[in-house]
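Participant: my questions concern the predicted model and sequence given below.
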Amino acid sequence: MDRSVAVVTGGAKNIGLAIALRLQSDGYRVVVLDIVAPEDAGLRADAIEVDLTDPDATGEAARRIAAALPVSCLVNNVGIVSPALIEDVDIGDFDRLFGLNVRSGLIVSQAMIAGMRERGTGRIVMNTSRTILGKPSRTLYSATKGAMQSMARTWALELAADGITVNCVAPGPIATSAFWQNNPPDAERTRAIIDRVPVKRMGEPEDVANAVSFFCGAGSGFVTGQTLFVCGGVTVG
């Protein structure tokens, strides 16, 4: 399998950055698509600053990468959260979250598939979430992540004969800036979240990156259409 190039959307910070760094250590040339430059100087990535909520700009950037580089691995990681109970959901957030979390993944995947088919191999990994199983105040976020998982299962069937696998990594509570923004460290509910993790710790971005690395590897070719929960046991039972 050609492991030369991996594309990571939203790879500038948090989980996306950890994924980019891990794939770099795995031997990939990494291309990061994000609205800002990567935060870690140790990441030797081709960083393309693009607003992934803009479908035209996203498609143009993705097609440019696909035409220039033999992309063998795509990680659709980018995502935002807009916590709200159902009666408080801002309908204006619907298009914003679906546009970034779901549509960007579809656009970038469409751009990369032709090259993967031509080479007879490829890996697409979707970063979803354990919220697809249900979590209060996550109506829109869980809906977008559920849509990503459903697309992945469909793509897995459509692309399997071409040697392209499509899988999902679904993180549980991970210590990122986004988590702490939505869950203040001194809040009682935050302590309750951490206390409910069976392994008794928060996950780290590197825990998610390890799972992505597996799905991107040559040894995972017989695994497709699957979801791996990286959650410290939260989804068990």
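Facilitator: Nice, thanks for sending it over. Numbering: from 1, shown residues only.
Participant: pLDDT-wise, which helix or strand of this protein ranks last?
Facilitator: helix 177-182 (a mean of 80; mean pLDDT, DSSP states H and E).
Participant: pretty sure Met202 contacts Ala175?
Facilitator: Yes - using CB atoms under 8 Å, Met202 makes contact with Ala175 at a distance of 4.4 Å. Where C-beta positions appear, they are placed from N, C-alpha and C, glycine not excepted.
Participant: put the alpha carbons of the least confident helix or strand of the chain into PDB.
Facilitator: This file holds the C-alpha atoms of helix 177-182, laid out as PDB (Å, rounded to 0.1, in the frame of the first residue of the first chain):
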ATOM      1  CA  SER A 177      -9.600  22.900  24.400                       C
ATOM      2  CA  ALA A 178     -13.100  22.300  23.000                       C
ATOM      3  CA  PHE A 179     -14.000  19.900  25.800                       C
ATOM      4  CA  TRP A 180     -12.800  22.300  28.500                       C
ATOM      5  CA  GLN A 181     -14.600  25.200  26.800                       C
ATOM      6  CA  ASN A 182     -17.900  23.300  26.900                       C
END
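Participant: contacts for that helix, please.
Facilitator: Lys13, Asn14, Ile80, Val81, Pro83, Pro173, Met202 (CB atoms under 8 Å, 6 or more residues apart in numbering).
Participant: quick one: the fifth one and Thr139 touch, right?
Facilitator: Read it as Pro83. No - counting by CB under 8 Å, Pro83 stays clear of Thr139, with 9.0 Å between them.
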